[in-house]
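> need coordinates for the following:
(chains A, B and C)
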Amino acid sequence: MTRVSYKTGRKLKNALFVSILSLMTSLAVLPLLSLLWSIGVQGVAALVGLFGAPLSRGAASAVLASALVQSLITAAASVAIAMPLGVAAAIYSSQYAGLRAGRTIRFIMDILSGLPSILSGMVVFVLLSGVSSMLAGVLALVLYMLPVVVRMADQVLVAVPVAYIEGSLALGASRIQTIFAVVLPTAGKNLVTALLFVVARMVGETAPLLVILDGGATFQGKAGFQPLPLRLYSALAQGGSVSHQIVYAEALILLAIIVAVYGLARWVGRSDR
Amino acid sequence: MGKALEARGVSARFNEQVILREVTLQMPANQVTAIIGPPGCGKSTFIRCLNRLHETTPGATLSGEVLLDGHSVYDMDPTEVRRSVAMIFHRPNPFPTMSILDNVAVGLRLHGLRNRARLAESAEQALRRAALWDEVKDRLHLYSSVLSLGQQQRLCIARALAIDPVVVLMDEPASTLDPLSTLVIEELIEELKRQYTIIIVTHNLQQAARVADKTAFFLDGEMIEQGTTTALFTTPQDKRTADYVTGRFG
Amino acid sequence: MRQVSARGWNGLFAGVLAACVLVVIGAGILALATLIVASAPSIREFGISFLWIPAWNPLHRQYGALPFLYGSFLTAGIAVLLAGVIGVTTAVALTQIGVRWLRSVLSLLLEVLAVIPSVVYGVWALLVIVPIIARLTDHQAGGSVGAFTGSGFGMLAGGVVLGVMVMPTVVAVTREAIASAPKDIAEAAMALGATRQETVALAVMPFVRKGILGSLYLGLARAFGEAVAVSLVIGNQPRSGGGLLGRASTLASMLAHTLSGTVPPLQTAALYELGLVLFLIAAVFYGLGRSYIAREAISLGFLPW
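Have a look, this model is predicted:
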């Protein structure tokens, strides 16, 4: 058989392929590096500026502290509602629902969890007829988060090997005993990881809070219910009197919190090999 | 004609795990060399080092030398090595997105042959050598999935032969096939060794005894013993070899 | 099918869990119903023509979704084009070339990109993207958002920031698709002497097309739904036409920008109808994306949407 060699062309093509891939990958990470750099630099400078000057220190720390506390309370409250409800629903869809019911539930959760977050704020705004409070904010976050929690938890619980479950049932354990003694412990680490990812995503979520802020009077800049992401957004969109320093400092703090929660999730979910 | 292959002190790892330790083995030209051993002894990894496929797996590293007709394959371009040292896998893996003809022609196309008539001619020749031509000549343009598993494996052999290699590596080529297809493949090996050097990994001792001129026994990543097939099976020197070939373990 | 014992605690437990499922699904239905009810006046007034009324003019009580559909489709198109080209090639790179430690570091970085909140993307876009676009184009359509003034705001800025936000999804899904492509076929190609590039073209890409398509639909859904970052950089001007550098509005950015409770009732209803349109479009794109991915049995892992 004939050997037709055109080695050089192939090598060139492969080299071109590798360089394009490398170039594109660099382009893909560039935004993150740019983001960390710009917000890091501006944020640190702002923090130094705010806390370095005795005059601004008190005001700045009061503003930041109140925003932080509001953020944490909002997050904690919505987690406290959404997680138990969502995980319970996921236990049903993964352990009790039949094949078809499970698939249907999963499909509905899929669609719901893909919906734009801003809609949940609008819906809660209508339902509470314009009442604005931390409660409204929490409800909006819960509405947005619930299907996501169900989907993520279901995905983890479904991955528990059927053999374990059948082994437990074969020993005469009831469904409840099996769920608490076998399913949840087996899924445990991954479940916590999945839920922490949801928390990381939720802490920075702004849109659901947007329209319920102060009876919707976002741009009048009233004080009141103002968790960190919301403060950031209204400061940016409202402009004028708000100092850039506070904005950068808040962005940096928010970013740090979220990266920390993300890191925690990764740490919990690390494989112990 | 086939060419001789020689491994000198080949060691291989996946991450921290040592798979092969200092394996040295001569694989003479135009002979069938069988590598036998229990699962996990490193025999598959060994032949994957011979065509430089081992290094394509993430986490894989290796050391030592592999000589093809006296030239180190680790000094050559890997694509050229794999062109000269073809490989048949344990599960038939024809390209499911291509026709039977394209499956055989694809290697030649990769290596630069464009002429349609010449491609068809070479493909026919390869299919004949793989004893598949008569079964597929009327349906060359159908997808490879219409073939039986045994036919698919012979298609893979035809695909490998089409690029005109000098060595053919076979990684348990009959392990997923029925006895009849296995017989066809074994007869084919007998036929092919006139033109190629063949190295076959198998955990089937009878198969090794039937097809191989030379046999090497691997255990736990080490080459325990090698020799002519007759010698290794009838008068093994090492007790572990004796235990294995008499069926006391593995 | 796992059978449920209907007796005693087990039955009660299952019942409570089932109730939780119904609560979650009910919340979704309630949300849809609320949007429909709240937009009823606008639906009555404009009917289906709401979708192609080309203006949003509170003075003349004329409300149409066309400017926002225009803005949404164009920005999402830019975003998915950018994220598709860069994301897919990056996913190929992360699975096919490079040393392992570098691959895992880069994968980790791209995952971080997925959890950064949109408002932080907004700050970054104002700090970096808008000035870059302003410098590259000396068009005079200046805009301002709050304390940030000058040019550079518009469709392109919105599309670019969306592209960055959508990219982690594309990378993650494409990577999963490649991971679930049959390895023995790729090895067959390599064993024939194919180069990396040839192996990818011959034995990897044919198996990941649907996965990539799914990832692009998911990206589209996310790009449509993203409100906060876009509303900060797009210039917030509802109009059809105006090109890449012109200021614009998307469905979601309009909602983020103007829902303030102090607007006249009909405008509120029209805003809710925009929300309804957004709901339906996002659901269709998201559903399409998920079904492609499910058909290819690709797991989304811990990707939080």
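> surely C:Gly71 is in contact with C:Pro238?
Yes. Counting by C-beta atoms under 8 Å, C:Gly71 touches C:Pro238, with 7.4 Å between them. Where C-beta positions appear, they are placed from N, C-alpha and C, glycine not excepted.
> those two: which is more packed in?
C:Gly71 (32 against 25; other C-beta atoms under 10 Å in any protein chain shown).
> just the strands from the stretch 101-250 of chain A, written as ranges.
Read by DSSP state E, counting those that start in this stretch, the stretch 101-250 of chain A holds no strands at all.
> where in it is pLDDT low?
Filtered on pLDDT under 70, the stretch 101-250 of chain A yields the residue ranges A:130-132, A:211-225, A:238-243.
> can you map out the helices along it?
In the stretch 101-250 of chain A, the segments counted as helices under DSSP state H, counting those that start in this stretch are A:117-127, A:134-158, A:162-170, A:175-178, A:184-203, A:207-210, A:228-238, A:244-268.
> grab the nearest non-local neighbour of A:Pro31.
C:Val164 (4.4 Å; C-beta to C-beta, 6 or more residues apart in numbering or on different chains).
> show me the contacts for that neighbour.
Residues near C:Val164 by C-beta atoms under 8 Å, 6 or more residues apart in numbering or on different chains: A:31, C:82-83, C:113, C:121.
> just name the shakiest helix or strand of chain C by mean pLDDT.
Taking mean pLDDT, DSSP states H and E as the measure, the helix or strand of chain C with the lowest value is strand C:143-145, at a mean of 53.
> which residues of chain B lie near chain C?
Within reach of chain C by C-beta under 8 Å from any C-beta of the partner chain, chain B has these residues: B:51, B:53, B:56, B:58-59, B:79-83, B:86-87, B:89, B:91, B:93-97, B:106-107, B:110-111, B:156, B:159-160, B:163.
> look up how far C:Leu81 lies from B:Gly42.
Distance of B:Gly42 to C:Leu81, computed by C-beta to C-beta, to the nearest Å: 48 Å.
> comparing these two, which residue is more hemmed in?
Each of B:Gly42 and C:Leu81 has its neighbours counted (other C-beta under 10 Å); B:Gly42 has more, 24 against 13.
> was I right about that one contacting B:Phe218?
Yes. Contact status for B:Gly42 versus B:Phe218: in contact at 5.8 Å, counting by C-beta under 8 Å.
> any common contacting residues for those two?
Counting by C-beta under 8 Å, 6+ apart, the shared contacts of B:Gly42 and B:Phe218 are B:Val23.
> and B:Val168, what are its phi and psi?
Per-residue torsions, B:Val168: phi -120, psi 120 (degrees, to the nearest 10).
> for it, give me its contacts.
Contacts of B:Val168 (C-beta under 8 Å, 6+ apart): B:85-88, B:157, B:160-161, B:192, B:196-199.
> turn these into TSV, columns for neighbour count and pLDDT.
Output for the contacts of B:Val168, formatted as TSV (neighbours: other C-beta atoms under 10 Å in any protein chain shown; pLDDT from 0 to 100):
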residue	neighbour count	pLDDT
B:Val85	27	94
B:Ala86	26	94
B:Met87	25	95
B:Ile88	26	94
B:Ile157	27	94
B:Ala160	27	94
B:Leu161	25	93
B:Leu192	21	92
B:Tyr196	24	94
B:Thr197	26	95
B:Ile198	24	95
B:Ile199	28	96
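> pick the one among those residues closest to C:Met155.
Proximity of the contacts of B:Val168 to C:Met155 was ranked by C-beta to C-beta; the top entry is B:Met87 with 52.9 Å.
> ok, that closest one - contacts?
The contact partners of B:Met87, taken as C-beta under 8 Å, 6+ apart, are B:47, B:51, B:53, B:160, B:168-171, C:191.
> take those and keep only those in strands.
B:168-171 (DSSP state E).
> A:Ile73 and A:Met134 touch, don't they?
Yes. A:Ile73 sits in contact with A:Met134 when judged by C-beta under 8 Å, with a separation of 7.0 Å.
> neighbours around C:Val120, how many?
23.
> quick check: it vs C:Leu113, distance?
According to C-beta to C-beta, C:Val120 and C:Leu113 sit 11 Å apart.
> pretty sure B:Val66 belongs to a strand, no?
Yes. Remark: B:Val66 belongs to a strand, assigned using DSSP: H, G, I helix; E, B strand; the rest coil.
> if we can go back for a sec, now flag whichever of the contacts of B:Met87 is closest to chain A.
B:Ala160 (12.5 Å; C-beta to the nearest C-beta).
> excluding residues flanking it in the chain, which one is nearest C:Tyr292?
Closest residue to C:Tyr292 apart from its sequence neighbours, by C-beta to C-beta, 6+ apart: C:Gly214 at 3.1 Å.
> so C:Pro41 is in contact with C:Leu266, correct?
Yes. At 5.9 Å, C:Pro41 and C:Leu266 qualify as touching, with contact defined as C-beta under 8 Å.
> correct me, but C:Ile129 touches C:Leu232?
No. In this structure, C:Ile129 is not within contact of C:Leu232 by C-beta under 8 Å, at 10.4 Å.
> who's more crowded, those two?
Under the criterion of other C-beta under 10 Å, the comparison of C:Ile129 against C:Leu232 puts C:Leu232 first, with 32 against 23.
> got the contact list for stretch C:234-251?
Contacts for stretch C:234-251 (C-beta under 8 Å, 6+ apart): C:54-56, C:65-72, C:74-76, C:78, C:133, C:137, C:139, C:141, C:143, C:145, C:153-159, C:224, C:227, C:230, C:253-254, C:257, C:274-275, C:277-278, C:281.
> swap the cut-off to 7 Å and go again
The contact list for stretch C:234-251, computed with C-beta atoms under 7 Å, 6 or more residues apart in numbering or on different chains, reads C:54, C:56, C:66-68, C:70-72, C:75, C:137, C:139, C:141, C:143, C:153-158, C:224, C:230, C:253-254, C:257, C:274, C:277-278.
> just the buried residues out of these, in PyMOL syntax.
Burial among the contacts of stretch C:234-251 is assessed by 16 or more other C-beta atoms under 10 Å in any protein chain shown; the matching PyMOL selection reads:
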select buried, chain C and resi 54+56+66+67+68+70+71+72+75+141+143+153+154+155+156+157+158+224+230+253+254+257+274+277+278
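> picking up where we left off before, what's the angle from the helix or strand where the residue nearest to C:Tyr292 lies to helix A:117-127?
C:Gly214 belongs to helix C:205-225 when assigned by DSSP states H and E. Relative orientation of helix C:205-225 versus helix A:117-127 (axes from the mean of the first three to the mean of the last three C-alpha atoms, to 10 degrees): 40 degrees.
> and for helix C:205-225, what's in contact with it?
A:114-117, B:97, C:72, C:75-76, C:79-80, C:83-84, C:88, C:162, C:166, C:169-170, C:173-174, C:176-178, C:181-182, C:251-252, C:278, C:281-282, C:285-286, C:288-289, C:292-293, C:295-296, C:298, C:305.
> how close does C:Ala27 get to A:Val138?
For C:Ala27, the distance to A:Val138 (C-beta to C-beta) stands at 14 Å.
> give me the more crowded residue out of these two.
Neighbour tally, C:Ala27 and A:Val138, criterion other C-beta under 10 Å: the higher count belongs to A:Val138, 24 against 19.
> okay but the more buried one is in contact with A:Ala76, surely?
No. Contact status for A:Val138 versus A:Ala76: not in contact, 9.4 Å apart, counting by C-beta atoms under 7 Å.
> what's around the residue of the stretch 201-305 of chain C found nearest chain B, how many residues?
Across the stretch 201-305 of chain C, no residue is closer to chain B than C:Pro206, which sits at 4.5 Å (C-beta to the nearest C-beta). Per other C-beta under 10 Å, the neighbour tally for C:Pro206 reads 14.
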